[in-house]
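Visitor: Turn this into a model:
(2 chains)
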Number of protein chains: 2
Amino acid sequence: MARFELVCSECGMVFSEDPDLLVCPKCSVRQEAGASLRGVLEVRLSDPLSRWPDGAVHEPGVLTRLLPLADPRVLAPLAVGGTPLLEAPRLRQELGMPKLWLKDDIRNPSGSTKDRASWLVAAKAREYGREVIATASTGNAASSLAAVCAASGQRAVVLVPATAPRAKLVQMMVCGARVIPVDGSYDDAFELCCEACRELGWYNRNTALNPYTIEGKKTLAVEIARGLAPEAPDVVIVPAGDGVITAGVAKGFADLVEWGLLQRAPRLVIVQPTGASALVDALERGADDVTAVRGAASVADSLVVESPRNARLALARVRASDGGGVAVSDDAILGAVARLARLTGVFAEPAAAASLAGLKAALDAGLVGRDERAVLLATGSGLKDLDAASRTVDFPQPVPPDLESVARVVEG
Amino acid sequence: MARFELVCSECGMVFSEDPDLLVCPKCSVRQEAGASLRGVLEVRLSDPLSRWPDGAVHEPGVLTRLLPLADPRVLAPLAVGGTPLLEAPRLRQELGMPKLWLKDDIRNPSGSTKDRASWLVAAKAREYGREVIATASTGNAASSLAAVCAASGQRAVVLVPATAPRAKLVQMMVCGARVIPVDGSYDDAFELCCEACRELGWYNRNTALNPYTIEGKKTLAVEIARGLAPEAPDVVIVPAGDGVITAGVAKGFADLVEWGLLQRAPRLVIVQPTGASALVDALERGADDVTAVRGAASVADSLVVESPRNARLALARVRASDGGGVAVSDDAILGAVARLARLTGVFAEPAAAASLAGLKAALDAGLVGRDERAVLLATGSGLKDLDAASRTVDFPQPVPPDLESVARVVEG
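Guide: This next block holds a predicted model:
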């Protein structure tokens, strides 16, 4: 018996596992280049978890009941997931939210949530005997794929906007990926990666297009639910670019509800920068799909997407959760980088701190209540974008090594 | 009954806990400014662990049996420790070492091993009602103290060489520390911090001088031993600056042997850059103390110490372990940054990758055997020093977004 099937999120058609199957062949007939994807597939496991394990949910024996994997030994030898769910008392106090948690997903191997997707995709590529894995990325997915492939001995080819932050570029190169900086946007890189994979036979990790990206990210929801059990979260605040973390988190909670491990799924509130807010705009318009934001731009580079590829699925899932969306300014995002670091010690990149900026906006808009059991996601490390963080601080002048100088600084 | 005592590592005198006690008053009478410390104290617990817990060793209930803490609730709400012990199969294969592990301690909250020390020191400061904690640092200890104090609401003052890598400076500033860049060396900052603490009443976290820095870092050894149990490690490779990670790791293994949880302590092999090799030089000379390396310099900024403050204790512990030391060139260190990343996906800063460079040197020198059960420590994130990592890669030229350009790059 098959261990899992793939289900089209639009027409509901069911498919057997197939290494060459990415999106639903029927729904994607109408796919236009550069537009959001049609017919994104989701995984349906045949033998899932039926009760919480005693140990952690990221242990190998548990992962085979959580993910579409026959044998966890195909996973690269990196410890992905199992990141802390912090109580963050000072942030709780500042926001007046006594039941707020911070899921510090920065503490994945490459410093971002993308590792959850890369890990599963690389494992499936290994099962399929595909040794070259390619992805388009704003930066974190590429760094992540590079790190995972370094650990497993697979080959990563990554296409990134030439403007990606230097830290991400250095990280992916040091980890041995073949890096192709593209003179163009992330959206250009996405299309180019699809073309290259078709022509050159590479396995395509492009987010949302590869169903295992969504499925990999669902472990984030599983860890949150496990961490709060027996209580259930009321609302989760998710920074959104392509909408794959959103859909992955929704998928995780939906699975747990179906498997009887969670009473109800939380609302999802997505956060985008005002300069790249296609999903939030669509939610406000009541539309099922996005209108591309040409020339999208923001300090939160990881969220700079003109046409979120997973828009149709993400919008459906946010609506089904009874959630919503907020757009936040770059100033609010930079302010949140500093506030999050100063109140929790978690140094997040702008895209990750956007969730805090979004939470404040959502509180003001009445989308989230202060007494709710809320979880804020931090998805990528502040060390990955120092230029942005530098804008939040004033570099002090060096002082001579004597006590008078120190005293002057401290009193000043 | 007291939960713990402090024991002088030189004269053996025993002291009760005292917030103002740092080093042994008797041995430190002969202390010279700028020299290695005399009379460094170690903790002796009265009610330690007597068997391995079922769960992880970094859980609160276990920590009170492992660390000199009455109540783990004084610890800042950050998840310190519990970092992965990786099998790293590709590194094993490259080195021909089938029983090699990589302790990826980069995955601490602020991205370095220093969190283990800062966490305990800040907790003791809280117990003592001392709200300002100061430290001298090459960068990581300061970032770490900043993050811990942000989480707990304590105040951090950090003195760092003005030349510290930008990533570390940005991180400590974003986390809200009062940063004082000093026109001088780390050694200058160390003395200045001592003076400022005495004059201004701050609690001094300076490494080795504060006994809880050594004690906090001992959890690294406890996690390694727990991870390999029931087997015991034969040798651990430790990058050394001041020698406090060295002494902390030695203390951890010594405690476990005393408590009956480990049959024998492993050998410790320390690694220093050739430009800052005071400890390794002393080992080679058979000396009990170091000769300062004036003008010490290396690409591994975290290891650039002229006069390692914990030299006397670290040298004694390395010798007692039947271990040794190796000095490695900056070229070897940079090569190790790239090799470690490409074979494991772990992107380490130069000081951390130095352990891999050192392992190769130790294999060549016959200090480590290929069949030994060996553990390599990775102590700080590569994202903290991009300039160094950039020297190991060639930035590729951006390409136009078309398939021909991609194909040319890949074939080229």
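
Visitor: Every contact and neighbour count from this point should use C-alpha atoms.
Guide: Noted.

Visitor: A:L91 is in contact with A:V346, isn't it?
Guide: No: taking contacts as CA atoms under 8 Å, A:L91 lies outside contact range of A:V346: 11.1 Å.

Visitor: Return the residues in contact with the residue most central in space within chain A.
Guide: What sits nearest the mean C-alpha location of chain A, by CA atoms, centre = their mean, is A:I245, with 3.9 Å. Listed by CA atoms under 8 Å, 6 or more residues apart in numbering or on different chains, the contact set of A:I245 reads A:I214, A:K217, A:K218, A:V238, A:P239.

Visitor: If we use 7 Å, what do you get?
Guide: Each residue near A:I245 by CA atoms under 7 Å, 6 or more residues apart in numbering or on different chains is listed here: A:I214, A:K217.

Visitor: Give me every residue in the stretch 51-200 of chain A lying close to chain B.
Guide: With the criterion set to CA under 7 Å from any CA of the partner chain, the stretch 51-200 of chain A comes near chain B through A:77-79, A:84, A:86, A:88, A:107, A:147-148, A:150-151, A:162, A:167, A:170, A:173-176, A:180-184, A:188-189, A:192, A:195-196.

Visitor: and those, which of them are in strands?
Guide: Among these, the members falling in strands (DSSP state E) are A:L86, A:I180, A:P181, A:V182.

Visitor: List the contacts of the helix or strand containing A:V375.
Guide: Using DSSP states H and E, A:V375 sits in strand A:374-378. For strand A:374-378, the surrounding residues in contact (CA under 7 Å, 6+ apart) are A:99-106, A:233-238, A:348, A:352-353, A:355-356.

Visitor: burial count for the closest residue to A:A196 other than its chain neighbours?
Guide: Leaving out its chain neighbours, the residue that sits closest to A:A196 by CA to CA, 6 or more residues apart in numbering or on different chains is B:L403, at 6.2 Å. Look at B:L403: counted by other CA atoms under 10 Å in any protein chain shown, it has 17 neighbours.

Visitor: Likewise for A:C197?
Guide: Neighbourhood size, A:C197 [other CA under 10 Å]: 18.

Visitor: same thing with the one 10 residues further on?
Guide: By the criterion of other CA under 10 Å, A:T207 has 25 neighbours.

Visitor: likewise A:S28?
Guide: A count of nearby residues for A:S28, using other CA under 10 Å, gives 14.

Visitor: give me the element the closest residue to it other than its chain neighbours is part of.
Guide: Distance criterion CA to CA, 6+ apart; nearest residue to A:S28, sequence neighbours excluded, is A:R38 at 5.1 Å. Remark: A:R38 resides in no helix or strand, with elements defined by DSSP H and E.

Visitor: I figured A:R38 was touching A:Q31, is that so?
Guide: Yes: at 6.1 Å, A:R38 and A:Q31 qualify as touching, with contact defined as CA atoms under 7 Å.

Visitor: Who has more neighbours out of these two?
Guide: Per other CA under 10 Å, whichever of A:R38 and A:Q31 has more neighbours is A:R38, with 27 against 14.

Visitor: For the stretch 201-350 of chain A, which segments count as strands?
Guide: Applying DSSP state E, counting those that start in this stretch to the stretch 201-350 of chain A gives strands spanning A:203-204, A:235-239, A:267-273, A:324-328.
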